[in-house]
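Undergrad: Pasting the sequence and the predicted model now:
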Amino acid sequence: MISCIVIQPEIMPAKPDRVAAEAEIKRLRDELNHHNYLYHALDEPAITDAEFDRLLRNLNDLETLFPDLISDDSPTQRVGAAPLSAFSQVSHELPMLSLDNAFGADDVQDFVRRIKTRLQTDQPIEFACEPKIDGVAVSLLYEGGRFVRGATRGDGSVGEDITQNVRTIDAIPLRLMGDDYPDRLEVRGEVYFPVAAFRRMNERAEARQERTFANPRNAAAGSLRQLDSRITASRGLSMFCYSVGLVSGGELPARHSEILARLRGWGLRVNPLVEVRTDARGCSEFYETILSRRDSLDYEIDGVVFKVDRIDLQQELGMLTRTPRWAVAHKFPPEEAITVLRDVEFQVGRTGAITPVARLEPVQVGGVTISNTTLHNMDEIERLNLMVGDTVVVQRAGDVIPKVVSVLVGERPDHARAVVVPAHCPACGADVVRIEGEVVYRCSNGLACAAQRKESIRHFASRLAMDIEGLGEKLVNQLVDADMVHNPADVYGLTEEALVLLDRMAPKSAGNLLQAIEASKHTTLPRFIYALGIQEVGESTARLLALHFGDLAPLLVASEQELQSIADIGPIVAAKIHTFLTEEHNLSVIRALQEAGVHWPVETPADDGERILGGETWVLTGTLATLTRDEAKARLIKLGAKVSGSVSKNTTCVVAGDAAGSKLAKAETLGVRIINEADLLMLLERHDG
Ligand code: 9MJ
């Protein structure tokens, strides 16, 4: 919810009388608090952000006319306090606890067993099960229902007073709802940085070449430690509440889960995934469910927490020094790990690109063991300041392949050595070259290099290219090593007699493979162009070329200029295509493929200008739920649009998917038309894009 306040004195109405103003101020505050609650605590907004802002402006206007009616808990008073010079200290009247950790189902079983032994019972025990938010623990103090103080956990006994910053977090009510709250109520929970907002912030920082934050937790901690609360306000922090501390002048329910429900009723934000489960088995099921949902949440969690639900049993169990006996955190496998870079090897790709690959001391990251990972290119190695022998941090985010994110330079051993690009191709021994202006180093030997041959044949057979099932990496390696296949066209000359001589190739699998090879002859022009493996020609560019030329023959004779005239093809790509299609060895492979019977239906070439989106420039940003980025791009291009990677004042329209970031923000600033995925689908369907 955006809560910026714009004062427009020139259109201020005549001053209302004080009594009427007081009533209206109260009405507006109640209404705003109610909508804040619907938006943040229940995630069910009933009005738009613009309507919310209008109400907030009305309230602000009235408070400007009657400043003595302003109170601390007014929704207008979140931001605006003068910057501090330092934070003062806060002593927690009741210590803020930390949690004991469990690292596996066995630890959880032990925890439940210990509890039953202490309570001398073999009756089932109910646990409140909560996601463990990876943020910053914060205490909120309410007196008479008004928010009066926010504090960090600190060492558990003494924290810092961050009241001004906490006030700016829209998800935290400045006034509790209802009237049955205790006179003094301390609520505890975790302030966090929503993942989408975190990514947006880092994207913006990167664009301005400013420092980025390593992860949402650090970013939340950094945002809460700002002496100027306007900075905190700009960050879009949020909070989940998960327990109470000090309570006086009122009663709370007898179960933890009911206390959470009560907190929610007072307008505080409680995680919606909290459930009550019984015994170790129920807890483990909860763990698995939450683990499987982890990547779809807009906040980071590093485990789940199990708490004995009955407060009387919690009291009976008591505490150790800093951790309660009645709770445990079952941690997820860490998504970050530290290991040693043993070596860097270089792999040769389809286009000869020499890619550095890290050989790591095997380490568990997010539940999988990793021992290799790509380092992308030499610029990345330089950026990381990486040397062989270094201790490195490996991180895995979601289901992404783990990567080296930083080097612990302080741990660098004396024997560390620099990573050097080999002068000769590790596969064929030819010279390695770096074309000016390019990041990558390449083997200069083209298809005479066995590694490039293997990769180009593997690419040719891959699913989005000729889709030859069964012709995977291992088989391609064997075929090239045995000198049976030198180029993609040779695949169509394979025979059963030759294939059965290979390792693990029975007549039946040879037969299946030959059938798949035969079936692949009937293909489409975009697939064929993509299968050729021209540098910079991915699936969507291949579609573009097919659409423009309709058949292969006109593409083969196209000039660089004509290629460049196609929307979305720039001079670099045009040059790569032109070079590829003028090299004799490539042309002879193309001829051989056609002679072997590879064919496709001719497409109707399209005239860019006549199509519905002819002359328009579109930008895709964020994640689309029903289309891949390439597919959306290709379909827009089919309707004549140019699809660009960046927003400018010449952009016609931006399609904003989920978690859209800086491009969306820029489009908003420039006033460019923005549509969502549903609008895009409607447009595509209407015009058969
Ligand atoms: C987190 N971090 O989400 C507790 N926590 O309870 C939850 N932390 C906690 N509970 C007592 N859900 C001490 C800490």
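TA: On my side now, so go ahead. Worth saying up front: this structure is predicted, and the values here are computed from it rather than measured.

Undergrad: low pLDDT regions in the protein?
TA: In the predicted model of the chain, residues 1-14, 367, 397-400, 604-610, 688-689 satisfy pLDDT under 70.

Undergrad: near the ligand, which residues of it show up?
TA: Counting by C-beta under 6 Å from any ligand atom, the residues of the chain close to the ligand are 97, 99, 130, 132-133, 190, 242-243, 305, 327. To be clear about C-beta, it is placed using only N, CA and C from the backbone, and glycine gets the same treatment.

Undergrad: ok, whichever residue of the stretch 201-350 of the chain sits closest to the ligand - contacts?
TA: Proximity of the stretch 201-350 of the chain to the ligand (C-beta to the nearest ligand atom) peaks at residue 242, 3.8 Å away. The neighbours of residue 242, taking C-beta atoms under 8 Å, 6 or more residues apart in numbering as the test, are 130, 133, 188-190, 260, 270-271, 305.

Undergrad: who wins for most neighbours among the residues of the chain next to the ligand?
TA: residue 130 (27 neighbours; other C-beta atoms under 10 Å).

Undergrad: Pretty sure it sits in a helix.
TA: No. According to DSSP: H, G, I helix; E, B strand; the rest coil, residue 130 belongs to no helix; its state is strand.

Undergrad: Go ahead and confirm it touches residue 307.
TA: Yes. If you go by C-beta atoms under 8 Å, residue 130 and residue 307 touch, sitting 7.2 Å apart.

Undergrad: Give me the subset of the residues of the chain next to the ligand that lies in helices.
TA: Nothing among the residues of the chain next to the ligand maps onto helices, per DSSP state H.

Undergrad: with the residues you listed in mind, which one is nearest to residue 557?
TA: When these are compared for distance to residue 557 (C-beta to C-beta), residue 133 wins out at 61.4 Å.

Undergrad: Mind listing the residues bridging to that closest one?
TA: Taking DSSP bridges as the rule, residue 133 bridges to residue 301.

Undergrad: Which residue ranges make up the domains of this protein?
TA: The record's domain split for the chain, according to automatic domain parsing, is 20-77, 100-331, 336-434, 446-519, 525-595, 608-688.

Undergrad: The ones you listed into JSON lines, with extra columns for distance to residue 88?
TA: Output for those, formatted as JSON lines (distance: least, C-beta to C-beta, whole Å):
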{"stretch": "domain 20-77", "distance to residue 88": "18"}
{"stretch": "domain 100-331", "distance to residue 88": "5"}
{"stretch": "domain 336-434", "distance to residue 88": "34"}
{"stretch": "domain 446-519", "distance to residue 88": "61"}
{"stretch": "domain 525-595", "distance to residue 88": "57"}
{"stretch": "domain 608-688", "distance to residue 88": "36"}
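
Undergrad: So which of these is nearest residue 440?
TA: Nearest of these (C-beta to C-beta): domain 336-434, 4.5 Å.

Undergrad: just how off-centre is the closest one within its chain?
TA: 23 Å (C-alpha atoms, centre = their mean, to the nearest Å).

Undergrad: what's the first-to-last distance across it?
TA: In domain 336-434, first residue to last residue: 33 Å (C-alpha to C-alpha, to the nearest Å).

Undergrad: Likewise for stretch 257-272?
TA: By C-alpha to C-alpha, one end of stretch 257-272 lies 12 Å from the other end.

Undergrad: buried set for that stretch?
TA: Across stretch 257-272, burial judged by 16 or more other C-beta atoms under 10 Å covers 257, 259-260, 262-271.

Undergrad: residues in contact with residue 300?
TA: Per C-beta under 8 Å, 6+ apart, neighbours of residue 300: 133-135, 192, 195, 215-217.

Undergrad: go again using 6 Å as the cut-off
TA: 134, 216 (C-beta atoms under 6 Å, 6 or more residues apart in numbering).

Undergrad: isn't residue 130 right up against residue 273?
TA: No. With contact defined as C-beta atoms under 6 Å, residue 130 does not count as touching residue 273 (7.6 Å).

Undergrad: if you go through the stretch 351-500 of the chain in chain order, where are the strands?
TA: 353-365, 368-374, 387-388, 391-395, 403-407, 417-418, 432-434, 441-443 (DSSP state E, counting those that start in this stretch).

Undergrad: what about residue 633, neighbour count?
TA: Other residues near residue 633 come to 23 when the count uses other C-beta under 10 Å.

Undergrad: Please tell me how far it sits from residue 654.
TA: Using C-beta to C-beta, to the nearest Å, one gets 13 Å for the distance from residue 633 to residue 654.

Undergrad: and if you look at residue 255?
TA: Distance, residue 255 to residue 654, by C-beta to C-beta: 49 Å.

Undergrad: Pick out whichever of those two has more residues nearby.
TA: Of the pair residue 255 and residue 654, residue 654 is the one with more neighbours under other C-beta under 10 Å, namely 23 against 19.

Undergrad: Over to that one. Which of the three states is it?
TA: Following three-state DSSP, the label given to residue 654 is strand.

Undergrad: Next, residue 154: phi, psi?
TA: Dihedral angles of residue 154 (phi, psi; degrees, to the nearest 10) stand at phi 60, psi -130.

Undergrad: Offset the numbering so it begins at 38, please.
TA: Got it, first residue is 38 now, which makes that one residue 191.

Undergrad: What about it, how many residues nearby?
TA: 16.

Undergrad: Grab the nearest non-local neighbour of it.
TA: residue 197 (6.2 Å; C-beta to C-beta, 6 or more residues apart in numbering).

Undergrad: For the one you found, what are phi and psi?
TA: When quoted as degrees, to the nearest 10, the phi and psi of residue 197 stand at phi -110, psi 150.

Undergrad: surely it meets residue 190?
TA: No. Using C-beta under 6 Å as the test, residue 197 is too far from residue 190 to be in contact (9.3 Å).

Undergrad: Can you report how many residues lie near whichever residue of the stretch 438-587 of the chain sits closest to the ligand?
TA: The stretch 438-587 of the chain approaches the ligand most closely through residue 442 (23.5 Å), counting by C-beta to the nearest ligand atom. Per other C-beta under 10 Å, the neighbour tally for residue 442 reads 15.

Undergrad: That one and residue 392: what is the separation?
TA: Counting by C-beta to C-beta - residue 442 and residue 392 are separated by 18 Å.

Undergrad: Contact partners for residue 579?
TA: If you count contacts by C-beta under 6 Å, 6+ apart, residue 579 has them with 563, 566-567.

Undergrad: From these, pick the one nearest residue 266.
TA: For the contacts of residue 579, the nearest to residue 266 is residue 567 (53.2 Å; C-beta to C-beta).

Undergrad: And the helices in the stretch 238-387 of the chain?
TA: 253-261, 266-270, 293-302, 316-330, 348-354 (DSSP state H, counting those that start in this stretch).

Undergrad: neighbouring contacts of the last one?
TA: Yep, that's helix 348-354 we're talking about. 155, 291, 345, 362-363.

Undergrad: 8 Å instead, please
TA: 152, 155-156, 162, 289-293, 296, 344-345, 361-363.
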